[in-house]
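A.B. asks: structure of the sequence below:
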Amino acid sequence: MNAAEVKVLAALVKESYSPERLDPGVSEPTVVELADGSRAIALPQEQMFEPYRSLRLIDAAALGTTLVITFHWDDGDDDGTIFVMPLDGRDVELDLADDIAVTTFLSHNLEFTLGGPRTSWEPARSTPLSRRLAVVRPWS
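C.D. replies: Numbers count the residues shown, from 1 in each chain. Okay, the predicted model is just below:
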């Protein structure tokens, strides 16, 4: 990916994983009608699977050909740690017009990396830089 494509991907991460997007605004499982007329069941955020339940996106930015995602993990035991997850886009070939390819790419790099409780991914995938700052290596 080039820098312009990484910038588009950063915007997609912000749109898809923003706190407002991840919070369905319901307090119990609810049938909702989507913009296209289809219906789905919306779960309260605390009943969703990880990372949707605990991921709190701070920002996603393109730094040249590197996508940098910053977030904290609000699972009830939040210690204030800020996580930084960089993704080198130089060797990635991704057709941004292909919704399935983009969804799969984001799923592999966010949802697979952060799937499960923090204790399942933090020890294996993160490197602390200070007491409350750590770098997370994306699943590959």
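A.B. asks: pull the contacting residues for I58.
C.D. replies: 70-72, 82 (C-beta atoms under 8 Å, 6 or more residues apart in numbering). Every residue, glycine included, has its C-beta placed from N, CA and C.
A.B. asks: of the residues you listed, which is the most crowded?
C.D. replies: Highest neighbour count within the contacts of I58: F71, with 24 neighbours (other C-beta atoms under 10 Å).
A.B. asks: quick check: phi and psi on that residue?
C.D. replies: The phi and psi values for F71, taken as degrees, to the nearest 10, are phi -160, psi 170.
A.B. asks: would you turn the contacts of I58 into TSV with distance to M48, secondary structure and pLDDT?
C.D. replies: TSV is the format used below for the contacts of I58 (distance: C-beta to C-beta, whole Å; DSSP: H, G, I helix; E, B strand; the rest coil; pLDDT from 0 to 100):
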residue	distance to M48	secondary structure	pLDDT
T70	21	strand	97
F71	16	strand	96
H72	17	strand	94
I82	22	strand	96
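A.B. asks: could you dump those residues to a markdown table with distance to P123?
C.D. replies: Rendered in a markdown table, the data for the contacts of I58 read as follows (distance: C-beta to C-beta, whole Å):
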| residue | distance to P123 |
| --- | --- |
| T70 | 20 |
| F71 | 17 |
| H72 | 17 |
| I82 | 17 |
